[in-house]
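Student: this one's sequence-less:
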């Protein structure tokens, strides 16, 4: 009878270990997904910076055109 409680404890420890291994795999997957999202976010911010620069240059060009054509209100 003394073997049965030991056997139950060992089985429970095996189940806990298996559950822990699954959680470790899930955590690893989540880490790679978060890294991918961070990379994508960085690329998006860089693109937005480039678009902002282009818009600024266009704004300057339109301002020069308006001044040359005397379309600007004083």
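Tutor: All right, it came through fine. All of these numbers come straight from a predicted model, not from anything done at the bench. Residues are numbered from 1 along each chain as shown.

Student: confidence score at the residue nearest the centre of the chain?
Tutor: In the chain, the C-alpha nearest the mean C-alpha coordinate belongs to residue 37, at 2.2 Å (C-alpha atoms, centre = their mean). You'll see residue 37 listed with a pLDDT of 98.

Student: ditto for residue 3
Tutor: Taking residue 3 on its own, its pLDDT is 64.

Student: pLDDT below threshold where in this structure?
Tutor: 1-3, 74 (pLDDT under 70).

Student: what about the helices in it?
Tutor: All helices of the chain, identified by DSSP state H, fall at 3-68.

Student: ok so, going back, distance of the residue nearest to the centre of the chain from residue 44?
Tutor: Distance, residue 37 to residue 44, using C-beta to C-beta, to the nearest Å: 10 Å. Every residue, glycine included, has its C-beta placed from N, CA and C.

Student: and residue 63, by the same measure?
Tutor: 29 Å.
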